[in-house]
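[1] build the 3D model from these lines:
(one chain, ligands or ions: 1)
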Amino acid sequence: MPDRKPWTAAAEAIDPALVPRRRLYTGCLMPGIGLGTFGSDHVSHQAVADAVITAAAAGYRHFDCASVYGNEARIGSSFRELFASGLDREQIWVTSKLWNDKHGEHDVIPACQKSLSDLGLRYLDMYLVHWPFANHHPPGCDVASRSPHAQPYIHANFMRTWRKMEELVDRGLVRHIGTSNMTVAKLRLLLRDARIKPAVNEMEMHPHFQQTEFFHFLLENGIEPVAFSPLGSPARPQRDRTPEDSAPIEDPVIVEIARRHATHPASVCIQWAVQRGQTPIPFSVNRSHIVSNLQAAVADPLTPEEFSAIEKIDRNCRLIKGQVFLWKEGQNWEDLWDLNGEITPE
Ligand SMILES: NC(=O)c1ccc[n+]([C@@H]2O[C@H](COP(=O)([O-])OP(=O)(O)OC[C@H]3O[C@@H](n4cnc5c(N)ncnc54)[C@H](OP(=O)(O)O)[C@@H]3O)[C@@H](O)[C@H]2O)c1
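    Coordinates of the predicted model:
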């Protein structure tokens, strides 16, 4: 049976005031590390909801949720338990995401209201468009799964979705809006046309996939980079695995730095991310991992030599390739990512 004791700060808790925070262009501060809540199709919803309570007790104040993870109602019960035990709503940062089958003009606001109701919240701190494609795939599908109505990125359609995202801010249902899985080419158009610009872009980033150019583009445009799969997603679903994939936590440079600091390679990945200036959102349902990941966010910085050694191990190795969002036969996953700087046409 999971530990259902009411929330209290754990003995090994980190004072949330010590955890780095990122100032968004609105002036608001976002905790600079969050708990991921995607159970990769194999961790139970209840285990993830229990991890939210463990993480809050350990000192996490940022939770990265999404309707497609299927567990927002369970996480809502955890939030209720936390609030009943003395945590204030204003002390936590909650992100949720609009799933790809809800990009329609009449779907955005009800989808957000559903996440709010499931999570038991009156507002979200951040609401993201989960993917720039309106191409739906069911949870647990395999790599060959395609939406029968799949389309390329169509900017006019995305802007119709974005106008509704802006309306969510106007209505006070969400405090910030942002994007995920975008590219420089797509963001340039959004920045040109948005009334309310994205405050963050959530994207894969770890030592083997550093996305340096994109990372700097975001900072130059006042958009905070949030790093998903910061440990290289070692338990990601089968559909997101290919033989070319590499594992940052097994990289000899990371392993050696970890050995020198008597820590785990995962901690080195988190230290690097925080020191670089991105917000990692590691997933874990293991209490000691939850704690050590947060400890890494407040640990002494890596030396300049260690930091630059990690910069040199970038392999441009994207792990979450997104094949299920492709829109026609014969495409490669690269077509989703505008590699030549232009949006891939139909
Ligand atoms: N926007 C998007 O499209 C998108 C895409 C992917 C992910 N995300 C978000 O990003 C979050 C994190 O990404 P992810 O789950 O793919 O990958 P991740 O955080 O890189 O890796 C999570 C895995 O690492 C293990 N782990 C965690 N801490 C560890 C430690 N200290 N030592 C050893 N192993 C450790 C976890 O297992 P244990 O449970 O055993 O610790 C889990 O299997 C997701 O949960 C989700 O919220 C967003």
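[2] following the helix or strand where residue 192 lies, which helix or strand shows up next?
    Following DSSP states H and E, one finds residue 192 within helix 184-193. For helix 184-193, the succeeding helix or strand toward the C-terminus, using DSSP H and E, is strand 200-204.
[3] what sits up against that next one?
    Here strand 200-204 makes contact (Cβ atoms under 8 Å, 6 or more residues apart in numbering) with 24, 30, 64, 95, 126, 128, 176, 178-182, 187, 211, 214, 218, 223-229, 279, 281, 318-320. In this view, the C-beta of every residue, glycine as well, is placed from N, C-alpha and C.
[4] and the helix or strand that it is followed by, how far out from the chain middle?
    Note on strand 200-204: by DSSP H and E, the next helix or strand toward the C-terminus is helix 212-220. Centroid separation for helix 212-220 versus its chain: 17 Å, with Cα atoms, centre = their mean, to the nearest Å.
[5] for helix 212-220, packing partners?
    With contacts defined as 3 or more Cβ pairs under 8 Å, 6 or more residues apart in numbering; DSSP states H and E, helix 212-220 has these neighbours: helix 184-193, strand 224-228.
[6] up against the ligand, what does the stretch 101-250 of the chain have?
    For the stretch 101-250 of the chain, the residues in contact with the ligand (Cβ under 6 Å from any ligand atom) are 130, 180-181, 202, 228-236.
[7] count of residues packed around the residue lying closest to residue 249 once chain neighbours are set aside?
    With sequence-adjacent residues excluded and distances taken as Cβ to Cβ, 6 or more residues apart in numbering, residue 249 is closest to residue 265, at 4.1 Å. Residue 265: 22 surrounding residues under other Cβ atoms under 10 Å.
[8] would you confirm that residue 265 contacts residue 252?
    No: contact between residue 265 and residue 252 fails when scored by Cβ atoms under 8 Å: they sit 10.0 Å apart.
[9] related to what we said a few turns ago, which one of the helices and strands packed on helix 212-220 is the most hemmed in?
    Neighbour counts (mean count of other Cβ atoms under 10 Å) averaged over each of the helices and strands packed on helix 212-220 peak at strand 224-228, with a mean of 25.
[10] got the CA positions of that strand in CSV?
    The C-alpha trace of strand 224-228 is given here as CSV (Å, rounded to 0.1, in the frame of the first residue of the first chain):
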residue,chain,number,x,y,z
GLU,A,224,12.1,30.3,-20.7
PRO,A,225,13.3,26.9,-21.9
VAL,A,226,11.8,24.0,-19.9
ALA,A,227,13.7,20.7,-20.4
PHE,A,228,11.7,17.5,-20.6
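[11] quick check: next helix or strand after that strand?
    Next helix or strand after strand 224-228 toward the C-terminus (DSSP H and E): helix 252-261.
[12] just checking, what packs against the next helix or strand after that next one?
    Counting by DSSP H and E, the next helix or strand C-terminal to helix 252-261 is helix 265-276. Counting contacts by 3+ Cβ pairs under 8 Å, 6+ apart, helix 265-276 packs against helix 252-261, strand 279-280, helix 287-298, helix 304-311.
[13] for the residue in the chain that the ligand sits nearest to, give the beta-bridge partners.
    Relative to the ligand, the nearest point of the chain is residue 36 (2.4 Å; Cβ to the nearest ligand atom). Note on residue 36: beta-bridge partners residue 64, residue 283, judged by DSSP bridges.
[14] so who does the most centrally placed residue in the chain touch?
    Centroid-nearest residue in the chain: residue 228, 4.3 Å away (criterion: Cα atoms, centre = their mean). For residue 228, the contact set (Cβ under 8 Å, 6+ apart) comprises 36, 64, 180, 202, 203, 204, 205, 281, 320.
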